[in-house]
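Could you look at this predicted model? Sequence included:
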Amino acid sequence: MQSQSFKHRVIRSSLWIFSGNALTQVIRFVSNLIMTRLLAPEMFGLMALAGVFIFGLNLLSDIGLRQILIQNKRSDERFVNTVWTIQVVRGWMIWLLSVVVAVVFYLLAYEQMLPANSVYIDPAFPYIIAIIGINSVISGYESTKLVFGNRNLNLKINVTISLISQVIGFFAMMIWAYFRPDVWALVAGSIVATLSQTIASYLMIEGKGNRFCWDKTIMDDIFHFGKWIFISSIMGFLVMSSDKLMLGGLVDAASLGYFAIAGLLVGAVVQLIGSLIHSVGFPALSETFRDNPSALKSVFYKLRLPFDLILMFSCSFLFVTADTIVTILYDDRYHSVGWILQIMAISLFEVRYRLAGECFLAMGKPKLQSSLIFVNLVCLYVMGISMYHLYGFKGAVWAIACSALSTIPLILFYLKRFGILDWKKELMVLPVLVVGYAAGLVANYLFDKLL
């Protein structure tokens, strides 16, 4: 039986993460609206594609350092500081690799070896990659005290730090764009936000700071655990970023900008729920598996129910109201975002199953997560390439939105295999899709009446 203390910490942490992420999405939403008034669509396409490469370098070097600090029973100073030392070294390596990637793109563009009229040939593109790579160096020095806030389900200060850094980054971006409306406003905002969070992780959380430490035995343990995280991260990057990588070579910067903005709107829900799943779900399931494995199934479905309700409703509601939302938020230059947002809303159905991945990780089985990502990856490329050749840009967007659903049968198989699956609880939330669809129709009707 789970203790009341544990339940209270889960509920309290969930409320903090939910409210914090909601405020973060509001900040990003307001920021996006303001920046679309100040900047042209192609600037969002440039930043989105450059961000993909930095995101990729981060994932391609990911050995699960945060997960190790949360999942491992050790929390002594030597263990923690060894992990932090690897984190710092990794940050510098990512930045150096980003410079190499930037030089490669510069030379390819100079030799005219890149697709004409694509995002890749923009003169600013290599420089953006090199400069935003500095974020990896800055975040590498971030204090591990933030991670232990997650481990202990004490997330109030983590949420506060995240909000403060987002606000500071937003103001830096807005001030730059007001005086110089170019893509570097987006770059500046990103760097300032990252720097703010790293500094705050030392100044706003009590406890000892980190110092450099190197322990070979600990290193071996870290890499043993992290090898499957590394494989999952490689495939995860390809799954999560192949859409922009593929579209970047096929369409112009403006079209990619429309796709990026639609992704940002859907991503508001994904980030809100996804980070809650990771920040609360993973530590809660890890503690349950460590202390009371027999309660894992019960805790899993109790955690997932609110996620299911929100995601099912949002999926069908956004599908119906996409054009209305875009009409309200953006000017005529961004009209194409509407149909893309409608299609991308379907992908929200898959997010509810991400808690299963965190559950497998909490059980010490990261290999299962790797197999899920592999299936997703194969389906994404097969469907994406086929649909693009058959139906063009719209076909590719449909493939991107639907490919994640391919992992659901395998997730259900794994849940059944480990005695976690409950079909009744899987199916009982599906009628919420109908509720969301009906609410969307009502919202469209009210909007039309107001016009």
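That came through fine.

Going by secondary structure, the residue sitting furthest away from the middle of the chain is in what exactly?
Within the chain, K449 marks the point farthest from the mean C-alpha position, 36.7 Å out by Cα atoms, centre = their mean. Assigned by DSSP states H and E, K449 falls within helix 432-450.

With C359 instead?
Going by DSSP H and E, C359 is in helix 354-362.

Could I get the buried residue list for the helix or strand following that helix?
Next in sequence after helix 354-362, counting helices and strands by DSSP H and E, comes helix 366-403. By 16 or more other Cβ atoms under 10 Å, the buried positions in helix 366-403 come out as 366, 368-377, 379-381, 383-384, 387-388, 393, 395-403. C-beta here means a position set from N, CA and C on the backbone, and glycine is covered the same way.

on that earlier part again, CA atoms only: put the helix holding C359 into PDB for me.
C-alpha atoms of helix 354-362 as PDB (Å, rounded to 0.1, in the frame of the first residue of the first chain):
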ATOM      1  CA  ARG A 354       4.400   7.900 -23.100                       C
ATOM      2  CA  LEU A 355       3.900   7.000 -19.400                       C
ATOM      3  CA  ALA A 356       4.400   3.400 -20.400                       C
ATOM      4  CA  GLY A 357       7.900   4.300 -21.600                       C
ATOM      5  CA  GLU A 358       8.600   5.900 -18.300                       C
ATOM      6  CA  CYS A 359       7.300   2.800 -16.600                       C
ATOM      7  CA  PHE A 360       9.600   0.500 -18.500                       C
ATOM      8  CA  LEU A 361      12.500   2.800 -17.700                       C
ATOM      9  CA  ALA A 362      11.600   2.800 -14.000                       C
END
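
Can you name the residues in contact with that helix?
By Cβ atoms under 8 Å, 6 or more residues apart in numbering, the surrounding residues in contact with helix 354-362 are 67, 71, 274, 277-278, 281-282, 285-286, 288-289, 296, 300, 303-304, 307, 366, 368-369, 372, 411, 414-415, 420.

Can you select the buried ones among those for me in PyMOL?
Buried residues among the contacts of helix 354-362 (16+ other Cβ under 10 Å), as a PyMOL selection:
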select buried, resi 67+71+274+277+278+281+282+285+286+288+289+296+300+303+304+307+366+368+369+372+411+414+415+420
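
Give me the below-cutoff pLDDT ranges for the stretch 201-350 of the chain.
For the stretch 201-350 of the chain, the stretches with pLDDT under 70 are 222, 224-242, 245-246, 248-251, 279.

now the residue nearest the centre of the chain, what's its secondary structure?
Nearest to the mean C-alpha position of the chain, counting by Cα atoms, centre = their mean, stands Q271 at 6.0 Å. With DSSP: H, G, I helix; E, B strand; the rest coil as the basis, Q271 sits in helix.

What distance do you get for it to T198?
20 Å (Cβ to Cβ, to the nearest Å).

Spit out the contact partners of G281.
Contacts of G281 (Cβ under 8 Å, 6+ apart): 303, 355, 358-359.

repeat that with 6 Å
For G281, the contact set (Cβ atoms under 6 Å, 6 or more residues apart in numbering) comprises 303, 355, 358.

One more: M344?
Residues in contact with M344 (Cβ under 6 Å, 6+ apart) are 262, 266, 401.

do that again at 7 Å, thanks
Residues in contact with M344 (Cβ atoms under 7 Å, 6 or more residues apart in numbering) are 262-263, 266, 401.

Just the ones in strands from these, please.
Counting by DSSP state E, no part of these is found in strands.

Name the nearest of the residues you listed relative to P126.
Nearest to P126 among those, counting by Cβ to Cβ, is G263 at 23.0 Å.

Not counting its neighbours along the chain, what's nearest the closest one?
Nearest residue to G263 in three dimensions, chain neighbours excluded: M344, at 6.5 Å (Cβ to Cβ, 6 or more residues apart in numbering).

what about that neighbour, distance to S403?
Look at M344 and S403: by Cβ to Cβ, they are 12 Å apart.

Also A102?
For A102, the distance to S403 equals 29 Å [Cβ to Cβ].

Stretch 287-301: which residues count as buried?
In terms of neighbour count (16+ other Cβ under 10 Å), stretch 287-301 has its buried residues at 287-289, 296-297, 299-301.

Let me have those residues in TSV, extended by secondary structure.
Formatted as TSV, the buried residues of stretch 287-301 follow (three-state DSSP):
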residue	secondary structure
E287	helix
T288	helix
F289	helix
L296	helix
K297	helix
V299	helix
F300	helix
Y301	helix
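
export those residues to JSON lines and tack on distance to F319?
Rendered in JSON lines, the data for the buried residues of stretch 287-301 read as follows (distance: Cβ to Cβ, whole Å):
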{"residue": "E287", "distance to F319": "36"}
{"residue": "T288", "distance to F319": "35"}
{"residue": "F289", "distance to F319": "36"}
{"residue": "L296", "distance to F319": "33"}
{"residue": "K297", "distance to F319": "31"}
{"residue": "V299", "distance to F319": "31"}
{"residue": "F300", "distance to F319": "27"}
{"residue": "Y301", "distance to F319": "26"}
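
Identify the farthest-apart pair in those residues.
Within these, E287 and Y301 form the most distant pair, 16.5 Å apart (Cβ to Cβ).

can I get the contacts of G281 in TSV with distance to E142?
Formatted as TSV, the contacts of G281 follow (distance: Cβ to Cβ, whole Å):
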residue	distance to E142
L303	27
L355	25
E358	21
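
in which helix or strand would I find the spatially closest residue to V434 that is not a sequence neighbour?
Spatially, and ignoring its direct neighbours in sequence, V434 is nearest to S316 (7.3 Å; Cβ to Cβ, 6+ apart). Following DSSP H and E, one finds S316 within helix 296-329.

Likewise for V192?
Take DSSP H and E as the rule and V192 turns out to sit in helix 184-203.

With I54 instead?
helix 41-60.

one step back: please list the members of the contacts of M344 that lie in helices.
Residues of the contacts of M344 located in helices (DSSP state H): 262-263, 266, 401.

Tell me the one among the residues you listed nearest to I138.
Nearest to I138 among these, with distances taken as Cβ to Cβ, is G263, at 24.6 Å.

okay, now the closest one: neighbour count?
Here the number of neighbours of G263 (other Cβ atoms under 10 Å) works out to 20.

Could you check how far it is from D243?
Going from G263 to D243 by Cβ to Cβ gives 8 Å.

Likewise for Y330?
For Y330, the distance to D243 (Cβ to Cβ) stands at 21 Å.

cool, and V280?
Per Cβ to Cβ, V280 is found 28 Å from D243.

Among the ones in helices among the contacts of M344, which one lies nearest to G338?
A262 (8.2 Å).

Fine by me, thanks again.
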